[in-house]
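Asker: The amino acid sequence is not available; the structure is as follows:
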Ligand code: ADP
Ligand code: MG
């Protein structure tokens with residue numbers, strides 16, 4: 001189910017690619033499974049350079065996966081394994097990512113909270129286990145391990161402290177977005193001005209497909225994997241989506257999915273999806289996750305504070321809501 005959903009999200013993007021007219025420049029396409037999802041890289045440029053840039057991109061994703069993975073051994077799992085035992089040494093890069101996640105947590109009153117790790121372990125949406133509805137008592141217990149404001153970072157000593165045993169950081173809501181920003185830097189280093197990189201539905205649209213022709217990215221209909229609710233023409237933008245249809249199961253006709261409200265411990269049910277478009281270099285992915293948890297009113301209020309971003313929200317009834325100025329970015333169907 002997981003792969004099917006991911007593939008369909010990716011397919012809607014590729015379909016639009018192939019519909020966007022004759023392409024005089026060579027397009028080098030390559031896909032790999034990384035960060036627990038399908039990664040598609042499409043680079044426009046001379047063959048050898050495009051191939052080398054693509055390889056650098058995959059290497060960079062692998063490198064960041066080794067820093068941030070929650071389930072496979074990584075620098076992050078060392079921090080999590082040491083919770084309750086004292087400060088852990090960590091690289092400046094990882095501390096930077098965690099610091100940024102904590103900043104978004106503060107801004108969103110904990111709607112985005114990287115310390116959801118204890119809950120992630122229970123629900124198992126991305127882990128090796130089968131996703132399932134945990135007993136209420138276990139959710140209550142896990143909630144005592146959640147709290148972004150209890151994390152202590154010492155930037156000088158390069159250490160981090162998770163004070164309680166069982167506390168755990170889950171960077172699944174920020175790692176892909178961080179990686180897309182790094183990939184934009186790699187593309188510049190290779191002198192590539194045109195590329196589309198899709199990490200499981202979070203996408204970097206570097207440059208345009210052709211001069212005057214932006215990349216076209218489809219926003220998937222949360223209840224119809226073959227349908228799209230909007231098209232976004234993009235030039236030098238990042239587009240991210242948080243949805244209840246990517247990783248989920250149903251039990252007694254209720255849908256349970258992978259975006260957890262850190263206050264209740266249960267999946268947030270205010271929205272079906274949030275798609276955000278914004279500048280390269282921003283912190284868009286956590287903004288999407290946070291907006292998903294906040295719901296229409298609070299979410300749109302928050303989006304107003306994130307510079308240069310536009311959002312399309314699909315609520316629990318299937319109605320679309322656009323943030324200010326988003327009508328110019330999303331061509332709704
Ligand atoms: P996706 O990864 O499907 O694109 P998101 O970008 O919203 O969706 O990230 C969801 C991931 O973020 C989850 O798989 C989990 O690792 C983590 N997560 C879930 N709920 C929260 C939350 N409230 N705050 C921070 N991270 C979360
Ligand atoms: Mg996403």
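Answerer: Thanks, I have it. What you see is a predicted model, and the numbers here were worked out from it, not measured in a lab. Ligands and ions are numbered 1, 2, ... in the order given.
Asker: This protein against ligand 1: which residues are in contact?
Answerer: Within the chain, the residues that sit near ligand 1 (Cβ under 6 Å from any ligand atom) are 112-114, 116, 120, 125-126, 170, 172-173, 200-202, 242, 246, 258-260, 262, 285, 288-289, 293. Every residue, glycine included, has its C-beta placed from N, CA and C.
Asker: Can I get the buried part of the residues you listed as one PyMOL selection?
Answerer: In PyMOL, a selection of the buried entries from the residues of the chain next to ligand 1 looks like this (16 or more other Cβ atoms under 10 Å):
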select buried, resi 112+113+114+116+120+125+126+170+172+173+200+201+202+242+246+258+259+260+262+285+288+289+293
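Asker: Counting only helices, which of the residues of the chain next to ligand 1 make the cut?
Answerer: 120, 285, 288, 289, 293 (DSSP state H).
Asker: Which member of these is positioned nearest residue 32?
Answerer: The closest of these to residue 32 turns out to be residue 285 (Cβ to Cβ; 19.6 Å).
Asker: can you tell me how far the nearest residue to residue 52 once chain neighbours are set aside sits from residue 72?
Answerer: Closest residue to residue 52 apart from its sequence neighbours, by Cβ to Cβ, 6 or more residues apart in numbering: residue 190 at 6.8 Å. From residue 190 across to residue 72, the span is 28 Å (Cβ to Cβ, to the nearest Å).
Asker: neighbour count winner among those two?
Answerer: residue 190 (17 against 12; other Cβ atoms under 10 Å).
Asker: residues touching that one, list them.
Answerer: 45, 49, 52, 53, 56 (Cβ atoms under 8 Å, 6 or more residues apart in numbering).
Asker: From the residues you listed, which land in helices?
Answerer: Short answer: these in helices (DSSP H) are 49, 52, 53, 56.
Asker: quick one, helices of the stretch 1-150 of the chain?
Answerer: Along the stretch 1-150 of the chain, counting by DSSP state H, counting those that start in this stretch, helices occupy 2-18, 47-68, 75-81, 92-107, 117-123, 136-143.
Asker: Any idea which of these gets closest to ligand 2?
Answerer: Nearest of those to ligand 2, taken as Cβ to the ion: helix 2-18 at 9.2 Å.
Asker: hmm, back to that, pipe the ones in helices among the contacts of residue 190 into a markdown table and attach pLDDT and neighbour count per row.
Answerer: Output for these, formatted as a markdown table (pLDDT from 0 to 100; neighbours: other Cβ atoms under 10 Å):
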| residue | pLDDT | neighbour count |
| --- | --- | --- |
| 49 | 95 | 14 |
| 52 | 98 | 14 |
| 53 | 98 | 21 |
| 56 | 98 | 16 |
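Asker: Need the max-distance pair from those.
Answerer: Between any two of the ones in helices among the contacts of residue 190 (Cβ to Cβ), the greatest distance is 10.6 Å, for 49 and 56.
Asker: quick one: low-confidence parts of the stretch 151-300 of the chain?
Answerer: Within the stretch 151-300 of the chain, no range satisfies pLDDT under 70.
Asker: Can you show me the helices along it?
Answerer: 175-189, 284-305.
Asker: Give me whichever of the ones you listed is most buried.
Answerer: Comparing the helices of the stretch 151-300 of the chain by mean neighbour count (mean count of other Cβ atoms under 10 Å), helix 284-305 comes out on top with a mean of 22.
Asker: and it, what other elements does it pack with?
Answerer: Using 3 or more Cβ pairs under 8 Å, 6 or more residues apart in numbering; DSSP states H and E as the contact test, the elements touching helix 284-305 are helix 92-107, helix 175-189, strand 237-243, strand 271-279, strand 310-315.
Asker: ok, back up a step: which of the helices of the stretch 1-150 of the chain is buried the deepest?
Answerer: When those are compared using mean count of other Cβ under 10 Å, helix 117-123 is most buried, at a mean of 23.
Asker: Name the surrounding residues that touch that helix.
Answerer: Against helix 117-123 from outside (Cβ under 8 Å, 6+ apart): 70, 80, 126-127, 131-132, 134, 138-139, 142-143, 145-146, 166-170, 172, 256, 258, 260, 262, 265, 267.
Asker: now, which of these lie within strands?
Answerer: Counting by DSSP state E, the contacts of helix 117-123 place residue 256 in strands.
Asker: Can you pull up the most central residue in the protein?
Answerer: residue 285 (4.4 Å; Cα atoms, centre = their mean).
Asker: That one contacts residue 240, correct?
Answerer: Yes. Applying Cβ atoms under 8 Å, one finds residue 285 in contact with residue 240, separated by 4.8 Å.
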